[in-house]
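[1] build me a structure from this.
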Amino acid sequence: MAVNTISGINPVFSNISIGENSKVNQGTANLPFSEIFRNALENVSRLELESQALANAFALGKTDNIHQVMIAAEKADIALQFTLQIRNKILDAYNEIMRMQI
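    Predicted structure coming up:
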């Protein structure tokens, strides 16, 4: 059994920096939020497809690296949970705006 090295983790929102004194990258400054969110959803979808492909390959006996399968599944799950939490925050903000009296 071959031992594969662990590659770096690619964040869902890799083009957004978070911190006290952080500034938005010039490349993302012109992108609307919908485009950033669409890119994040495409990344989550890609992670899900990779996870399914590795699980299918493991089930068919094409690979015996259970660690790689489990890591891909967890990466996809965490990305999906993160995306759902962002969606929930957006809906909460929308509902709060709708409750405001003019």
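[2] burial count for residue 54?
    21 (other CB atoms under 10 Å). Just so you know, the C-beta spots here come from the backbone N, C-alpha and C atoms, and that holds for glycine as well.
[3] and the strands in this protein?
    Here the chain has no strands by DSSP state E.
[4] any low-confidence regions in it?
    The model of the chain has pLDDT under 70 over residues 1-29.
[5] which helix runs longest in it?
    What stands out as the longest helix in the chain, according to DSSP state H, is helix 66-99.
[6] any idea how far residue 81 is from residue 52?
    Here the criterion is CB to CB, to the nearest Å. By it, residue 52 lies 17 Å from residue 81.
[7] scratch that, residue 54
    In terms of CB to CB, residue 54 sits 19 Å off from residue 81.
[8] if we can go back for a sec, figure out how far the longest helix of the chain is from the centre of its chain.
    8 Å (CA atoms, centre = their mean, to the nearest Å).
[9] in that helix, what's buried?
    69, 71, 72, 73, 75, 76, 79, 80, 83 (16 or more other CB atoms under 10 Å).
[10] show me what it packs onto, helices and strands only.
    helix 33-59 (3 or more CB pairs under 8 Å, 6 or more residues apart in numbering; DSSP states H and E).
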